[in-house]
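J.: Next come a sequence and a model predicted from it.
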Amino acid sequence: MADSSDEEFSKEWIPYAKRPEWKDVVPLEQDDGENPVVVIAYSERFKDVYNYFRAIISTGEKSLRALHLTDDALKLNASNYTVWQYRRDILRSLDTNLNEELEYTEEIICRNPKSYQVWHHRRVIVEWLNDGTKELELTEQVLGLDAKNYHAWQHRQWAIKTYNLFDNELIFVDRLIGADLRNNSAWNQRYFVLNHTGFTPEVIQYELNYVMNRIRLVKNNESTWNYLRGLLQHGTGKLDQYPEVVDFCEELYVSGVRSPFLLAFLVDLYQEKRLDWDESNNEDDPKQLEEKVNELCNQLISTHDTIRAKYWEYILNKFKIKLSRSGTTYQESNTDSNQF
């Protein structure tokens, strides 16, 4: 997990300037201009390696020794895009064993798991091989060290989608969610998989039960509430399209749960029901819906989401304006905050 540095070199390392096999190359020093704003204190090893790297670029040399030179350059800076690009140019020119390059990139990724450039290089090599079978194992290894590594998740999604590797992904994701219910990356991956394999009515029903069970375990978890909303976007797109979800949320509230994510969900639910209400609706009382929205917003403003008080004031005011435009007079609520 360490950053690239001089420490990755062995004690027996010999500067390129003293290597007989490189005596035909004239090192090219970095030109920072006459008056550089900031002069970086590079190590002698760094200057030696990159002076020779600039030299081979200037001559366009693509050889095995040049390939080894890029390795030393990347040990010093694994995020140098120019080095990675030139390395790819050399690999193409030499027609090297790309499976060995995959092993090489795995070593670099394990040392520098948050370097975008190495992940990009890995992707290009996989594309050249047209084989993504090793990518799930690699990304699982990296995610085992950091379950929220953005680059690993991005690469994993690309490989799964490109090479149709969806089969066992939900099992993997379920294991991560079981280890950490707040792992937003894992919840996002679950949605990604189902969004590509299909949100059938059966799948949606199963997932609703799945996420509600997880919410029961940890009520104040934004990831699960976002996932629930994502599921409800399918079908009619209405928050009340599944009565069991409405009952579940209202039961949580009645039991005393005051998670801001629960309250926000109920605000949106009751706004939606009130604004869609017409006289043919015999189930809901429009005035009660208005009172619920008012009471929930005030709870969020005063107690449960004070950091976003201005936002909830805006939501409540916007709701009142929508009602007035529809010809309805909004009535302030005097309801008990624990009763619906």
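T.: It's in.
J.: quick one, helices of the stretch 201-340 of the chain?
T.: Using DSSP state H, counting those that start in this stretch, the helices assigned to the stretch 201-340 of the chain run over residues 201-217, 222-232, 243-254, 260-275, 286-299, 309-325.
J.: could you give the angle of the last one to helix 286-299?
T.: On the basis of axes from the mean of the first three to the mean of the last three Cα atoms, to 10 degrees, helix 309-325 is oriented at 160 degrees to helix 286-299.
J.: buried set for helix 309-325?
T.: Neighbour-count burial for helix 309-325, counted by 16 or more other Cβ atoms under 10 Å, picks out 312, 315-316, 319-320, 323. In this view, the C-beta of every residue, glycine as well, is placed from N, C-alpha and C.
J.: One more: the fifth one?
T.: By neighbour count with 16+ other Cβ under 10 Å, helix 286-299 contains the buried residues 286, 289-299.
J.: before we move on, which element is Ser93 in?
T.: According to DSSP states H and E, Ser93 maps onto helix 81-94.
J.: quick one: the nearest residue to Leu300 once chain neighbours are set aside from Val257, how far?
T.: Spatial nearest neighbour of Leu300, excluding adjacent residues (Cβ to Cβ, 6 or more residues apart in numbering): Trp312 at 4.5 Å. Distance, Trp312 to Val257, by Cβ to Cβ, to the nearest Å: 18 Å.
J.: ok, back up a step: export the buried residues of helix 309-325 as TSV, with columns for distance to Ala17.
T.: As requested, these are exported to TSV (distance: Cβ to Cβ, whole Å):
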residue	distance to Ala17
Trp312	66
Ile315	67
Leu316	72
Phe319	73
Lys320	76
Leu323	79
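J.: which one of the residues you listed is nearest Leu170?
T.: Each of these was scored against Leu170 by Cβ to Cβ, and Ile315 proved nearest at 34.9 Å.
J.: tell me the contacts of the residue nearest the centre of the chain?
T.: Taking Cα atoms, centre = their mean, the centroid of the chain lies closest to Tyr150, which sits 4.7 Å from it. By Cβ atoms under 8 Å, 6 or more residues apart in numbering, Tyr150 lies in contact with 114, 185.
J.: List the contacts of the residue nearest to Leu300.
T.: Contacts of Trp312 by Cβ under 8 Å, 6+ apart are 267, 297, 300-301, 305.
J.: so where's this protein uncertain?
T.: Scanning the chain for pLDDT under 70 picks out 1-8, 33, 36, 39, 279-282, 327-340.
J.: Now the phi/psi pair for Pro27, please.
T.: phi -60, psi 150 (degrees, to the nearest 10).
J.: i'd like the first residue to be 13 from this point on
T.: Let's use 13 as the start, then, which means that last one is Pro39.
J.: Buried subset of the contacts of Trp324, written for ChimeraX?
T.: The buried residues among the contacts of Trp324 can be selected in ChimeraX (16+ other Cβ under 10 Å) with this line:
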select :279,309,312,313,317
